[in-house]
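Chemist: Below is the sequence, then the predicted model.
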Amino acid sequence: MSPTTLPAPPEQGHVTFLGAGPGDPGLLTLRAVEALANADVLVAEHDVLDVVRTHARQGVSEVHTDADTSASSTPGTGTPQLTVVDGASTTAGVPSKRDAAHLVMEAARGGKRVVRAVSGDPGLDAYAAEEMLACASAGVPFEVVPGVATAVGVPAYAGVPLRDAQGTDVRFVDARTASDRCWTEVGASDGTVVVSTTLDSVAAAAGELVSAGRKPDTPLTVTVAGTTTRQRTWTATLGTIAQTLKQAKVLPSPEGGRPVIAVVGERSAAAQRDRLAWFESKPLFGWKVLVPRTKEQAASLSDQLRSYGAVPHEVPTIAVEPPRTPQQMERAVKGLVTGRYEWIAFTSVNAVKAVREKFEEYGLDARAFAGIKVAAVGEQTANALVAFGVKPDLVPSGEQSAAGLLEDWPPYDPVFDPIDRVFLPRADIATETLVAGLIELGWEVDDVTAYRTVRASPPPAETREAIKGGGFDAVLFTSSSTVRNLVGIAGKPHNVTVIACIGPATAKTAEEHGLRVDVMAPEPSVHKLAEALADFGTRRRLAALEAGDPVTRPSERRPGARRRRSTT
């Protein structure tokens, strides 16, 4: 009798309940990032969508699904489909949190790796707890990746410690579900109370605590949009918080109020916050900074700006296109292989990219540079070469410019230099400074157009209006062409916007376009430029504090207080 062939059991799915933290993407754990990178299906709440979606793996499509949409792969593509559920939405046809639970189970039963992302920590989310029980009952394997709890993370970012050396008792209360008994218990204690509520209801929560026995003069802090660059914190007492919010012109919200964390207690609030408010004291906290570069070019610069508390907004002003006649570039690259050149000099990342693309077109790699000396202007250009597998032989020791390169470039010596020719791949609009200087040093130069720079398309209307209307706090100009092109495609920045320039030539161009230059980098480096802007922001903040004025961003101008722009 032949053995009976049993059908293969269905592939078992898996669910990861993941805490996305209180809002700062940097608070995601390493395990959370790993789980997101391997997810087939992502079910995320609205308020954490931007935090988690950037870590989804390459090649995964993203859709907002209706309640009857399955989590299967896109038909005919064989590509896992990323399903995103906006759990905060009540729009007809969009899944609710309970619909999301059904979607999680269906996807897991279909063999999918599901990530269920919630704000804060999943252990404090009632819906996540219900979904975990559903998985356990259905025999679906799951794991829990803890996150930074909102009630703990937000006070830390607001500079409000919850405990002191005496071991203060800490109670956590969700005002939206708290019972009378709960209020009575926390009102009878003298410890710190962390209240999760809404901006519209915080005064009512304060009233509940006073009614339960807390003194009206008990200090408290109220933080909205905690751990994000929109964070704002008010310090008051239980008895004065309503008036404090009224004076701050905090208006009622038609949506029922934004979530806030209020910390109540004698030992945790006002006195210490002045010294411990590290996040809101960052030099560019909340500043919206325009970076006229592509996302690829601006990556490290934008990261640096974020470290200062800024919100970078990249707007490309230049588009790079191949040369109109590629034959010259093709001959030069072939000359590299045949030994025509002693040196090759790169003055931009785009030049490195153009040569690298030609190499790949011909099946070459970095080994083709063997025996050729390589020069690079600027840290980013040098890094691009290293990423290609080439370590530059010469980088300017001083100014990172064509002039700085010429300062260190050796003169041609027929005894030591068997070849007298330099390959210079550049943009079509490059200046002649480097070519003239190399010729003066005795070198022959093949000045080759490796790429063309053209003006980029205008940004969206919303961005153009923000530029001209003062919606940006600062703009970083990294070259004269970025000034000309930004003004050309989007208009002139408003006179409240801080203008920061990378060097004297760029500053001169900005002034010629009627802009007042507020900040100039001490040396021509984009990172030094960002550092100089941060120093400017620090000085501006300290001046406001010393004068007893509120610390505001440049875009938060007062009516009638527009600064005059100098004329040239």
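Modeler: Structure received. Residues are numbered from 1 along each chain as shown.

Chemist: Tell me which stretches of the stretch 51-200 of the chain form helices.
Modeler: With DSSP state H, counting those that start in this stretch as the criterion, the stretch 51-200 of the chain has helices at 97-109, 126-138, 150-158, 180-188.

Chemist: Mean neighbour count and mean pLDDT added to these, as a markdown table?
Modeler: C-beta here means a position set from N, CA and C on the backbone, and glycine is covered the same way. Conversion of these to a markdown table gives the following (neighbours: other CB atoms under 10 Å; pLDDT from 0 to 100):
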| stretch | mean neighbour count | mean pLDDT |
| --- | --- | --- |
| helix 97-109 | 20 | 77 |
| helix 126-138 | 16 | 89 |
| helix 150-158 | 23 | 94 |
| helix 180-188 | 14 | 87 |
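
Chemist: Nearest to Val390 among the ones you listed would be which one?
Modeler: helix 150-158 (42.8 Å; CB to CB).

Chemist: Select, out of the helices of the stretch 51-200 of the chain, the one closest to Arg553.
Modeler: Set against Arg553 and scored by CB to CB, those come closest in helix 150-158, at 18.2 Å.

Chemist: what sits against Gly19?
Modeler: Taking CB atoms under 8 Å, 6 or more residues apart in numbering as the contact definition, Gly19 lies against 29, 32, 117-123, 145-149.

Chemist: So which of the residues you listed sit within strands?
Modeler: Those of the contacts of Gly19 mapping onto strands are 117-118, 145, per DSSP state E.

Chemist: ok, back up a step: who wins on neighbours among the contacts of Gly19?
Modeler: Counting neighbours by other CB atoms under 10 Å, Ala117 comes out on top of the contacts of Gly19 with 32 neighbours.

Chemist: which stretches of the chain have low pLDDT?
Modeler: Across the chain, the stretches falling below the confidence threshold (pLDDT under 70) are 1-11, 58-99, 167, 251-257, 267-271, 294-298, 429-431, 558-568.

Chemist: on that earlier part again, so which of the contacts of Gly19 comes closest to Gly398?
Modeler: Taking CB to CB as the measure, Thr29 is the one of the contacts of Gly19 closest to Gly398, at 43.6 Å.

Chemist: Format the contacts of Gly19 as a markdown table; extra columns: distance to Ala544.
Modeler: Below are the contacts of Gly19 laid out as a markdown table (distance: CB to CB, whole Å):
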| residue | distance to Ala544 |
| --- | --- |
| Thr29 | 37 |
| Ala32 | 38 |
| Ala117 | 39 |
| Val118 | 38 |
| Ser119 | 33 |
| Gly120 | 33 |
| Asp121 | 37 |
| Pro122 | 41 |
| Gly123 | 41 |
| Val145 | 41 |
| Pro146 | 39 |
| Gly147 | 35 |
| Val148 | 31 |
| Ala149 | 33 |
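
Chemist: hey, where'd the strands end up in the stretch 301-450 of the chain?
Modeler: In chain order, the stretch 301-450 of the chain shows strands spanning 311-314, 318-321, 343-346, 373-376, 421-427, 444-455, with DSSP state E, counting those that start in this stretch as the criterion.

Chemist: Mind putting those into CSV with distance to Gly471 and mean neighbour count?
Modeler: CSV is the format used below for these (distance: least, CB to CB, whole Å; neighbours: other CB atoms under 10 Å):
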stretch, distance to Gly471, mean neighbour count
strand 311-314, 9, 20
strand 318-321, 22, 16
strand 343-346, 37, 26
strand 373-376, 37, 22
strand 421-427, 31, 22
strand 444-455, 22, 18
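
Chemist: Quick one: those as TSV, columns for distance to Arg293 too.
Modeler: Formatted as TSV, the entries for the strands of the stretch 301-450 of the chain read as follows, by distance: least, CB to CB, whole Å:
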stretch	distance to Arg293
strand 311-314	6
strand 318-321	8
strand 343-346	18
strand 373-376	19
strand 421-427	15
strand 444-455	12
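
Chemist: closest to Arg230 out of those strands?
Modeler: In terms of CB to CB, the element of those nearest to Arg230 is strand 311-314, at 8.7 Å.

Chemist: Can you show me the CA trace of the closest one as CSV?
Modeler: Output of strand 311-314 as CSV, limited to C-alpha atoms (Å, rounded to 0.1, in the frame of the first residue of the first chain):
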residue,chain,number,x,y,z
VAL,A,311,12.9,71.0,10.1
PRO,A,312,14.8,70.9,6.7
HIS,A,313,12.9,71.3,3.5
GLU,A,314,14.8,70.3,0.3
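
Chemist: I'd like to know which elements it is packed against.
Modeler: Here strand 311-314 touches strand 288-291, helix 295-307, going by 3 or more CB pairs under 8 Å, 6 or more residues apart in numbering; DSSP states H and E.

Chemist: Those: which one's closest to Val498?
Modeler: Between Val498 and the helices and strands packed on strand 311-314, the shortest gap by CB to CB is with strand 288-291, which sits at 8.8 Å.

Chemist: partner strands of that closest one, parallel or antiparallel?
Modeler: Here the strand partners of strand 288-291, with direction, are listed using DSSP bridges: strand 311-314 (parallel), strand 474-477 (parallel).
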